[in-house]
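Asker: quick one: sequence and predicted model below, then my questions.
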Amino acid sequence: MTEQLTVKGNVSVKPRVAFHGEGNLKSRKFWQVIAFFVLYLAGLITIVAIVFVIGYVIKVGAPALTWEFLTTDPKGGLAGEGGIRSTIITSIYLVILVLLWAVPFGIGAGIYLMEYAEDPQNSTNKLAKFTIKIAHFGVETLAGIPSIIFGLFGYALFVTTLNMGFSLLAASLSGACLVLPTIIRTTEEALRAVPRSYREASLALGATKWQTIYKVVLPAASPGIITGIILTIGRIIGETAVFFVTLGGSSGTPKTLLSGGRTMALHVYYLAMDTRAFEKAMATGVVLIFSIMLINLVVNIMSNRLQSDLRGER
Amino acid sequence: MVMIRETFDKELIKLQNDVLALANMVEGMLIDSVLHLKARDFAGSERVIEMDKKVNEKRFQIEEEVLTIIALRQPYAGDLRALAAMLEFASELERIGDYAKGISKINLLIGDQELVKPLIDIPLMCEKATFMLREVMKAYVRRDVELARAIPPMDDELDALYNQIYRELVTYILTTPSCLNQANYLLWAAHNLERTGDRVINLCERVVFTVTGELEELN
Amino acid sequence: MTDIHNIKTKLETCNYDLYYGSFKALSDITLKIPEKQVTAIIGPSGCGKSTFLRTFNRMNDLIPNVRTEGTAKMDDQDIFEMDVVALRQYVGMVFQRPNPFPKSIYENVAYGPRVNGERNRKVLDEVVETSLRGAALWDEVKDDLQKSALSISGGQQQRLCIARCLAVEPEVILMDEPASSLDPIATLRIEELIRRLKEKYTIVIVTHNMQQAARVSDFTTFLYTDESRTGQLMEFGATRDIFTNPTKKVTEDYITGRFG
């Protein structure tokens, strides 16, 4: 450890003591520079790509984006007359309905799965463990199934067999099936993330299990659950396949649950395929993009607020 | 935790050695004081009187050390009792040192007078007393409760010797009134030795307490 | 040795064993815990002190695969026959790390009474104030009870947890190393509080800090374990006796730091 190191050229390096000294410092610094450069490049390319896509859509669509465009219904025809008013309304209706079906069942199922798994009696029961595994596997699988499958399922069951026809009802029920696994999963994860100590404290104060869930665990998990729901909204707005085969293509504003309609995302498709109004398609795309950006912004703000509330910073 | 315990054990051992050293000093003083009395060695007696200062210093050093350890180490159970015992030992041993100093002063007070009678019983008392002291120190180091309980009966011999000296000296005073002073001093010296025995009994009780946690009277 | 026979027993166990699956965590513990006194449970780490403590409010029920034998009683009633929710209103617990809910200070303290059905705002206000006073926290937070419980210091949070526990008006308070995550000043305040609380409540405190046990408790229980990791009751007695003259050598070795 203490031999004198001499390097050619009359430069003698100080004797090495343990791990101090020159060592391979130059080499390590070099590789760090390379690594960060590559990462920087990757980030740059990603951002540029995104900006390019969004920029292109905005550039092409902007001319068609007028107040009229937003406030008149589509009129059809090869030139794609009219605006997107009814599609906006249909999208909103659909979001509300899907959430109406999916959220109560999704959160309920998430709570039940978590409770069932956490119950001390069940962690040793082989059958219970198996059931939970199956349930989780099912949820994970469903979450990954392409939305067109849900669309066809919805078409077969709701549209045809149950005779709802192309309607908000059929479409929202199908959409609910689509997002249900995701809501169940995010709810369960959010509930699990609540520190065990809250549960213990509540039980030690003489609360029942349900009171503990209802008064302590759920509220504490709400940022996670709400984030999940809002992201679901984003998904619903952007969905095409599942609504394509359950909503029909009517360009009017739906009047009842059994009316059909068109969402903004579907309208983009129709404009692009059936008309030459490419800029209008792009303009619809712009509205879609901004809606999603708005939703994500709201998610971020709400999530931050809720988090800092829980941490006691407000 | 073991490191702290090891350091603590070392401190306790060092303190115990200090107490032993004090006991040695004091034992030496006792033996010397009687020797000097018998040999009429005044310089020797002066030295013993000087020695007492060192005894006092050592006692206070031991006390300070004990208080520091109690404050810093929060000792419990056996450790606590051992430390309490050290305080008691330091105090009693210092008292015995004072007795030795007293005997040396008596030698100086008697001065050039010839001794009324050759000293036989007083040296005997000194032998017995210092034997008891050595035994109790042994019991202390070994934490030997049996030995500690066996020492107090020896005090009876010490008391018997004292009574004998008392009768003799009273007889001398009655027959030769002029030797009243000297007889008185000699009686005082014997008294100091008898008190030494009592002190040793206290120390025996302390040894028993350190080991068992019970304070027994050993008489 | 101090005689405890004329003090009423609040909690007791008799030949109590506890198993995690096939592992015996506690063996044959027979113990009487006196009423309105502070009883400390000390012992080397892993000897089952916390597990034993959690027997008294049946928090071990939450752990899978736990089996017990022998009896555990409060006021001469078998706690395993009682309704567990009711039991926990009589036997409260303060945990090692402060765990206030992410709610306001008021809502934290009012939680216990609320889940019990109390709705009257005035009654709740009173309970909150009494409990916060009882936990020596009222003066520090009275100006803003709506503040989040997570925004106060660690020591204050722990006192808040104590207040929360007091609001349910328990008879027994179990404390699992309540000061171990706090700084020395906060620790001393908790210890002061414990001494005051024993006037009204029976307190059982697990601590790995010998000096704390000596400072704070009236009675001390020494749980011991060897390589088998099974906890046994080695000694129980008045704190002053245990710390000046314990009867078992193992106890003496432990409290003088010869092992830990």
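Answerer: Great, that's in hand.

Asker: who in chain B is up against chain C?
Answerer: By the rule C-beta under 8 Å from any C-beta of the partner chain, the part of chain B lying against chain C is B:1-2, B:4-5, B:8, B:74-81, B:213. Using the backbone N, CA and C atoms, a C-beta is placed for each residue, glycine as well.

Asker: which one among those gets closest to A:Lys59?
Answerer: B:Met1 (73.1 Å; C-beta to C-beta).

Asker: which residue would be the closest one in chain B to chain A?
Answerer: Nearest to chain A, among the residues of chain B, is B:Met3, at 24.9 Å (C-beta to the nearest C-beta).

Asker: and the stretch 151-260 of chain C, by the same measure?
Answerer: C:Ser151 (3.7 Å).

Asker: could you point out which element follows the helix or strand harbouring A:Tyr116?
Answerer: If you go by DSSP states H and E, A:Tyr116 is part of helix A:85-118. Moving toward the C-terminus from helix A:85-118, the next helix or strand (DSSP H and E) is helix A:126-144.

Asker: from the chain's centre, how far out does the helix or strand just after that next one sit?
Answerer: Once the chain leaves helix A:126-144, the next helix or strand it forms, by DSSP H and E, is helix A:147-154. How far helix A:147-154 lies from its chain's middle: 19 Å, per C-alpha atoms, centre = their mean, to the nearest Å.

Asker: the helix or strand containing the residue of chain B closest to chain A - what's its average pLDDT?
Answerer: Here B:Met3 sits within helix B:2-39, counting by DSSP H and E. Here helix B:2-39 scores 92 as its mean pLDDT.

Asker: what of stretch C:73-89?
Answerer: 95.

Asker: which parts of it are buried?
Answerer: By neighbour count with 16 or more other C-beta atoms under 10 Å in any protein chain shown, stretch C:73-89 contains the buried residues C:73-74, C:79, C:82, C:85, C:87-89.

Asker: on the three-state scheme, the spatially most central residue of chain C is what?
Answerer: Taking C-alpha atoms, centre = their mean, the centroid of chain C lies closest to C:Leu174, which sits 1.9 Å from it. For C:Leu174, the secondary structure call by DSSP: H, G, I helix; E, B strand; the rest coil comes out as strand.

Asker: now the closest residue in space to it that isn't next to it in sequence, what's its secondary structure?
Answerer: Nearest non-adjacent residue to C:Leu174, counting by C-beta to C-beta, 6 or more residues apart in numbering or on different chains: C:Met93, 4.6 Å away. Three-state call for C:Met93 (three-state DSSP): strand.

Asker: if you count contacts, what does the host helix or strand of C:Ser50 end up packed against?
Answerer: Secondary-structure element containing C:Ser50, defined by DSSP H and E: helix C:49-53. Taking 3 or more C-beta pairs under 8 Å, 6 or more residues apart in numbering or on different chains; DSSP states H and E as contact, the helices and strands that helix C:49-53 lies on are strand C:23-34, strand C:38-42, strand C:172-176, strand C:202-206, strand C:231-238.

Asker: buried residues in the longest one?
Answerer: Put plainly, it is strand C:23-34. Counting neighbours by 16+ other C-beta under 10 Å, strand C:23-34 gives C:24-29, C:31-34 as buried.

Asker: swap in stretch C:115-123?
Answerer: Using 16+ other C-beta under 10 Å as the test for burial, stretch C:115-123 gives C:115-116.

Asker: just the C-alpha atoms of it, please, in CSV.
Answerer: Taking Å, rounded to 0.1, in the frame of the first residue of the first chain, the C-alpha atoms of stretch C:115-123 are listed here in CSV:
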residue,chain,number,x,y,z
VAL,C,115,-66.6,6.8,16.7
ASN,C,116,-68.3,6.1,19.9
GLY,C,117,-71.3,8.1,18.8
GLU,C,118,-70.8,11.4,20.4
ARG,C,119,-72.3,14.1,18.2
ASN,C,120,-72.9,17.1,20.4
ARG,C,121,-70.4,19.8,19.5
LYS,C,122,-70.3,21.2,23.0
VAL,C,123,-69.5,17.9,24.6
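
Asker: residues contacting that stretch, please?
Answerer: With C-beta atoms under 8 Å, 6 or more residues apart in numbering or on different chains as the test, stretch C:115-123 has contacts from A:202, A:205-208, A:211, A:215, C:89, C:113, C:124, C:127, C:168.

Asker: over to stretch A:247-254?
Answerer: For stretch A:247-254, using C-beta under 8 Å, 6+ apart, the contacting residues are A:73-76, A:82, A:85-87, A:89-90, A:93-94, A:165-168, A:170-171, A:259-263, A:266, A:270.

Asker: now do 10 Å
Answerer: A:73-76, A:82, A:84-90, A:93-94, A:151, A:154, A:159, A:165-172, A:174-175, A:259-263, A:266-267, A:269-270, A:274 (C-beta atoms under 10 Å, 6 or more residues apart in numbering or on different chains).

Asker: buried members of those into PyMOL, please.
Answerer: Selection of the buried residues among the contacts of stretch A:247-254 in PyMOL, burial being defined by 16+ other C-beta under 10 Å:
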select buried, chain A and resi 73+74+82+84+85+86+87+88+89+90+93+94+151+154+159+166+167+168+169+170+171+172+174+175+259+260+261+262+263+266+267+269+270
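
Asker: which of the contacts of stretch A:247-254 fall within strands?
Answerer: Using DSSP state E, the members of the contacts of stretch A:247-254 that fall in strands are A:74-76, A:82.

Asker: for the nearest residue to A:His267 once chain neighbours are set aside, give me the pLDDT.
Answerer: Setting aside the residues directly before and after it, A:His267 is nearest to A:Thr87 in space (C-beta to C-beta, 6+ apart), at 4.4 Å. Per-residue confidence (pLDDT) for A:Thr87: 87.

Asker: need the contact list for A:Thr87.
Answerer: Taking C-beta under 10 Å, 6+ apart as the test, what A:Thr87 contacts is A:73-74, A:251, A:253, A:261-268, A:270, A:284, A:287-288.

Asker: can you list contacts of stretch B:109-120?
Answerer: Stretch B:109-120 is contacted from outside by B:34, B:37-40, B:42, B:45, B:125-126, B:165, B:168-169, B:172-173, B:176, B:178-179, B:181-186, B:188-190, using C-beta under 10 Å, 6+ apart.

Asker: ends of that stretch, what's the gap?
Answerer: 20 Å (C-alpha to C-alpha, to the nearest Å).

Asker: which parts of that stretch are buried?
Answerer: Neighbour count says stretch B:109-120 has B:110, B:116, B:119 buried, by 16+ other C-beta under 10 Å.

Asker: low-confidence ranges, chain B, go.
Answerer: Within chain B, the stretches with pLDDT under 70 are B:1-2.

Asker: could you check the angle helix B:2-39 makes with the helix or strand hosting B:Ala85?
Answerer: Using DSSP H and E, B:Ala85 sits in helix B:77-110. For helix B:77-110 against helix B:2-39, the angle by axes from the mean of the first three to the mean of the last three C-alpha atoms, to 10 degrees is 20 degrees.

Asker: so after helix B:77-110, what's the next helix or strand?
Answerer: Downstream of helix B:77-110, the next assigned helix or strand under DSSP H and E is helix B:121-142.

Asker: CA atoms only: put that following helix into PDB for me.
Answerer: In PDB, the C-alpha atoms belonging to helix B:121-142 read as follows (Å, rounded to 0.1, in the frame of the first residue of the first chain):
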ATOM      1  CA  ASP B 121      -0.900  -5.600  76.300                       C
ATOM      2  CA  ILE B 122      -1.100  -2.500  74.100                       C
ATOM      3  CA  PRO B 123       1.100  -4.000  71.400                       C
ATOM      4  CA  LEU B 124      -1.000  -7.200  71.700                       C
ATOM      5  CA  MET B 125      -4.200  -5.100  71.200                       C
ATOM      6  CA  CYS B 126      -2.600  -3.500  68.200                       C
ATOM      7  CA  GLU B 127      -1.700  -6.900  66.700                       C
ATOM      8  CA  LYS B 128      -5.300  -8.100  67.100                       C
ATOM      9  CA  ALA B 129      -6.800  -4.900  65.800                       C
ATOM     10  CA  THR B 130      -4.600  -4.900  62.700                       C
ATOM     11  CA  PHE B 131      -5.300  -8.600  62.200                       C
ATOM     12  CA  MET B 132      -9.000  -7.800  62.200                       C
ATOM     13  CA  LEU B 133      -8.500  -5.000  59.800                       C
ATOM     14  CA  ARG B 134      -6.600  -7.200  57.400                       C
ATOM     15  CA  GLU B 135      -9.300  -9.900  57.600                       C
ATOM     16  CA  VAL B 136     -12.100  -7.500  56.800                       C
ATOM     17  CA  MET B 137     -10.200  -6.100  53.800                       C
ATOM     18  CA  LYS B 138      -9.800  -9.700  52.600                       C
ATOM     19  CA  ALA B 139     -13.500 -10.300  53.100                       C
ATOM     20  CA  TYR B 140     -14.200  -7.100  51.200                       C
ATOM     21  CA  VAL B 141     -12.100  -8.000  48.200                       C
ATOM     22  CA  ARG B 142     -13.400 -11.500  48.000                       C
END
